[in-house]
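1. Following is a predicted model, sequence given first.
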Amino acid sequence: MRIALSQFVSDTDPEANLATIGEQTAEAARLGARIVVFPEAAMARFGIPLGPVAQPLDGPWAGAVRDIAKQHDVLVVAGMFTPSADGRVRNTLLVTGAGVDEHYDKIHLFDAFGFAESATVAPGDRSLTLLVDGVGVGVATCYDLRFPQLFQKLARSGASVILVPASWGSGPGKREQWELLVRARALDSTSWLAACGQADPSSVGVDTKPGVPTGIGYSAVVSPLGEIRAQALDRPELLVVDIDPSEVDDARAKVPVLANARDFS
């Protein structure tokens, strides 16, 4: 299975980001990718009021992404914001194309390092796994990486590959934490991890508000045994990687952490 990670810097304008998604999906499809992953907040970057840009899943922004995925016959995963009934928004992954039309609302909200995502974002309450070309695929978002139980649940629900769009906050030690966590979650779930972050805005001369999680780059594809097989730098990049789902079976035979896990209190 060939997967493309489109690490880019989201604009504040959803229409500008749609153009990027169209261009990057076309290039990924040309290179033979079956799955194209965009970052969290691909619709519009953090640091602006989210309510005015949020749209429902049947709105024009999501519809345009569906059309792009259909045109190129690929699965597209892209972060957007959808309205919540309580007046906040939801941090949503649109997962569409290749016979799939699904979404995932981020469960674990980034109330850490002085940022309070829950002030404006309502949490989701369900995980998501699906099939792409007969391969089980799960999804998670950014701060979810700090919660191993979600990744183990996805693996037990049939995922061999877990896609993780992110907009990772910068700061001392944050790159090291990112790399450690994507590798650890691959090991916890003995699954492929494809983690696609926002590029660092400063790499393209964009100024952002201090303390807002607008991305550091370093998107990565990690094997079921925790090896980084491919990684981007901090600037925009289209990372195209071939993965072998059979490595999951080999890893789970060698290190059967899912089978050996025991409940205790």
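-> Noted; the coordinates are in hand.
2. E40 - how many residues pack around it?
-> Around E40 sit 30 other residues, with neighbours defined as other CB atoms under 10 Å. (C-beta placed from N, C-alpha, C; glycine too.)
3. Could you verify my assumption that it touches Y143?
-> No - between E40 and Y143 there is no contact under CB atoms under 8 Å: 9.3 Å.
4. any shared contact partners between those two?
-> By CB atoms under 8 Å, 6 or more residues apart in numbering, E40 and Y143 have these common neighbours: K106.
5. pretty sure D263 is in a helix, no?
-> No - applying DSSP: H, G, I helix; E, B strand; the rest coil, one finds D263 to be coil, outside a helix.
6. how deep is it tucked in, by neighbour count?
-> 4.
7. gap between S246 and A33?
-> Noted for S246: a distance of 19 Å to A33, by CB to CB, to the nearest Å.
8. ok, these two, which is more surrounded?
-> Per other CB under 10 Å, whichever of S246 and A33 has more neighbours is A33, with 24 against 9.
9. Now the more buried one. Nearest residue, chain neighbours left out?
-> Of all residues not flanking A33 in the chain, A4 sits nearest, at 3.8 Å (CB to CB, 6 or more residues apart in numbering).
10. got it, and D144?
-> Per CB to CB, 6+ apart, closest to D144 is H108, 5.0 Å.
11. Shouldn't that neighbour be within a strand?
-> No - per three-state DSSP, H108 lies outside any strand segment and is coil.
12. Report pLDDT for L18.
-> Looking at L18, its pLDDT is 98.
13. Extract the C-alpha set from the one helix or strand it maps to and format it as CSV.
-> Using DSSP states H and E, L18 maps to helix 14-30. The C-alpha trace of helix 14-30 is given here as CSV (Å, rounded to 0.1, in the frame of the first residue of the first chain):
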residue,chain,number,x,y,z
PRO,A,14,-10.3,27.5,3.8
GLU,A,15,-10.5,28.1,0.1
ALA,A,16,-6.8,28.5,-0.2
ASN,A,17,-6.3,25.3,1.6
LEU,A,18,-8.8,23.5,-0.7
ALA,A,19,-6.5,24.5,-3.6
THR,A,20,-3.5,23.0,-1.8
ILE,A,21,-5.4,19.8,-1.1
GLY,A,22,-6.4,19.5,-4.7
GLU,A,23,-2.9,20.1,-6.0
GLN,A,24,-1.3,17.7,-3.5
THR,A,25,-3.9,15.0,-4.0
ALA,A,26,-3.3,15.1,-7.8
GLU,A,27,0.4,14.8,-7.3
ALA,A,28,0.1,12.0,-4.8
ALA,A,29,-2.3,10.1,-7.1
ARG,A,30,0.1,10.6,-10.0
